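J.: No sequence on hand, only this structure:
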């Protein structure tokens with residue numbers, strides 16, 4: 001319990017406490033007529049002092065000490081109702097509801113008309129899920145205080161929680177009869193009638209509110225929505241159209257009509273209402289973005305409507321030209337439609353408005369990487385480091401940009417920074433370690449290369465790409481060929497018919513002197529590739545040369561030369577008809 005709550009409780013307790021102090025002389029007269037021993041003046045004063053000491057202790061948060069003071073006060077003076085009231089609250093706070101109820105009952109026995117005790121009694125029942133008993137308490141309070149309408153609302157509320165829906169309607173009717181139509185009461189009755197499957201009565205409650213508050217459009221919207229839920233779309237559409245006469249830019253009416261016409265397949269009408277909604281600057285941008293997000297979410301089912309989505313995105317940008325989100329969602333739509341360069345332009349414009357939306361930077365990284373524009377990737381990752389210095393993905397793409405532009409030292413620094421930032425992101429850590437393995441191999445720091453590939457495999461020993469790259473580098477160096485063969489074979493088991501993986505295993509066999517097996521696997525690699533590369537064909541030529549098929553080898557080298565992209569030795573192999581590695 002916070003200090004503010006303590007102050008409130010202390011205030012209530014003081015009200016109660018002053019009450020018992022002022023009734024002291026009357027109580028003494030009553031005690032003389034009962035069997036209870038008459039308390040001395042000293043005992044009364046001591047009990048009151050203990051009571052106020054308890055309040056002070058509670059105020060500063062010494063709950064155990066407060067409880068002790070209240071308990072001693074109650075034992076010394078069984079007529080001190082406020083002490084029992086305080087004990088009940090502390091017992092409830094400790095989770096001892098049985099004792100709390102007993103203590104509160106003692107307070108009520110002494111002062112049955114005290115409204116604070118009675119209200120607390122109802123709420124104490126409710127805290128134990130005894131809603132019917134709580135409703136009964138407020139029924140009594142309502143009877144004793146017929147002008148306090150808060151008690152009516154509380155009784156009705158607890159009746160609803162108790163499942164006494166019809167009884168709660170009776171109470172709400174009492175409120176209406178006493179003070180007229182009330183928004184909260186009518187809305188609750190509307191919900192209750194809906195739960196009781198009485199749609200006509202539910203509609204009447206909303207109609208009463210519409211007639212009572214004709215300027216409140218929300219009630220018309222609620223009624224139209226109710227008609228839609230209950231499959232009476234004609235009435236719903238009519239109400240929404242009435243709303244638009246009063247408020248032409250009403251967001252709920254516009255979007256609801258757009259959704260309705262989409263549902264029935266009238267995309268032309270739906271688009272008309274959507275355009276009106278998107279052109280309205282008073283409608284929050286997030287509501288419009290949620291509409292465009294549905295085009296993204298259901299893209300496969302709504303591909304034919306992508307042009308419509310683009311038009312809405314353009315209207316969104318025209319209506320909200322300084323909103324980064326508007327450009328970002330347009331970029332997402334273009335990217336989804338495989339228009340990567342157009343998507344990039346929108347993402348760049350989004351950055352011009354705001355630079356703190358990481359998902360936009362992320363999309364820029366991915367697209368530039370896919371387009372092999374590593375200079376752009378380098379530029380934007382360098383900028384992103386200023387805004388997101390702790391994002392591992394920034395360092396991953398930054399390292400990739402340097403690696404692909406052959407600045408291996410800068411790539412190493414970026415990847416190592418990324419490893420530190422990756423934390424519990426296992427997949428990203430694997431990729432970072434793997435790329436570090438590639439980078440150290442390019443730097444000819446082979447021990448560090450192997451260490452990083454090993455770290456990647458520690459995180460996932462069945463990562464096919466790590467297994468393939470690691471084994472390929474070992475084969476190029478002619479080191480640990482048994483390990484290379486084992487890893488390469490596993491990568492092919494995990495991902496069969498991958499031409500790169502098949503080529504690696506063939507090359508491991510080649511470096512191991514197993515030329516027949518190498519030829520078999522190299523042919524598989526070529527067969528698995530839709531467009532065999534110069535490297536694949538040249539490798540087959542090298543294998544054939546080792547098998548003594550020199551004429552066939554020369555033919556494959558020439559074929560590789562025509563494809564372009566072979567090794568630096570390819571021209572020399574052809575010119576001298578000899579194998580060079």
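T.: Nice, I can see it. Since this is a predicted model, take the numbers as computed values, not measurements. Numbering: from 1, shown residues only.
J.: Only C-alpha atoms from now on, for both contacts and neighbour counts.
T.: Noted.
J.: Point out where this structure drops to low pLDDT.
T.: 1-37, 301-302 (pLDDT under 70).
J.: what ranges do the strands span in it?
T.: Secondary structure of the chain (DSSP state E): no strands present.
J.: any idea how it splits into domains?
T.: What automatic domain parsing lists as the domains of the chain is 1-128, 531-581.
J.: what about the last one, how long is it end to end?
T.: Using Cα to Cα, to the nearest Å, one end of domain 531-581 lies 24 Å from the other.
J.: How far off centre is that domain?
T.: 55 Å (Cα atoms, centre = their mean, to the nearest Å).
J.: same question, stretch 81-90
T.: For stretch 81-90, the distance to the chain centre is 43 Å (Cα atoms, centre = their mean).
J.: Then stretch 145-160?
T.: The answer for stretch 145-160 is 38 Å, by Cα atoms, centre = their mean.
J.: list the buried ones in that stretch?
T.: For stretch 145-160, a neighbour-count test (16 or more other Cα atoms under 10 Å) marks 151, 152, 153, 154, 155, 156, 157, 158, 159, 160 as buried.
J.: Now distance to residue 202 too, for those, in a markdown table please.
T.: A markdown table is the format used below for these (distance: Cα to Cα, whole Å):
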| residue | distance to residue 202 |
| --- | --- |
| 151 | 24 |
| 152 | 21 |
| 153 | 19 |
| 154 | 21 |
| 155 | 21 |
| 156 | 17 |
| 157 | 18 |
| 158 | 20 |
| 159 | 18 |
| 160 | 16 |
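J.: Could you single out the nearest of these to residue 98?
T.: residue 158 (20.4 Å; Cα to Cα).
J.: which residues touch that closest one?
T.: Listed by Cα atoms under 8 Å, 6 or more residues apart in numbering, the contact set of residue 158 reads 126, 131, 132, 134, 135.
J.: repeat for residue 470
T.: Residue 470 touches 437, 450, 453, 484, 487, counting by Cα under 8 Å, 6+ apart.
J.: is it true that the fourth one touches residue 466?
T.: In this case it means residue 484. No: at 11.5 Å, residue 484 does not count as touching residue 466 under the criterion of Cα atoms under 8 Å.
J.: which one among the contacts of residue 470 gets closest to residue 192?
T.: For the contacts of residue 470, the nearest to residue 192 is residue 453 (64.3 Å; Cα to Cα).
J.: Tell me how many other residues surround that closest one.
T.: For residue 453, the count of nearby residues is 24 (other Cα atoms under 10 Å).
J.: which residues sit in contact with the nearest residue to residue 323 once chain neighbours are set aside?
T.: Spatial nearest neighbour of residue 323, excluding adjacent residues (Cα to Cα, 6 or more residues apart in numbering): residue 353 at 6.6 Å. Contact analysis of residue 353 by Cα under 8 Å, 6+ apart lists 322, 323, 324.
J.: got those residues as TSV, with neighbour count columns?
T.: Converted to TSV, those look like this (neighbours: other Cα atoms under 10 Å):
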residue	neighbour count
322	15
323	17
324	23
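J.: From these, which land in helices?
T.: residue 324 (DSSP state H).
J.: Residue 273: which of the contacts of residue 353 is nearest?
T.: Among the contacts of residue 353, residue 323 lies closest to residue 273 (Cα to Cα), at 22.1 Å.
J.: what about residue 174, distance to residue 142?
T.: 11 Å.
J.: I misspoke; the intended subject was residue 353.
T.: Computed with Cα to Cα, the distance linking residue 353 and residue 142 is 58 Å.
J.: that older thread, tell me how far the residue nearest to residue 323 lies from residue 390.
T.: Distance of residue 353 to residue 390, computed by Cα to Cα: 22 Å.
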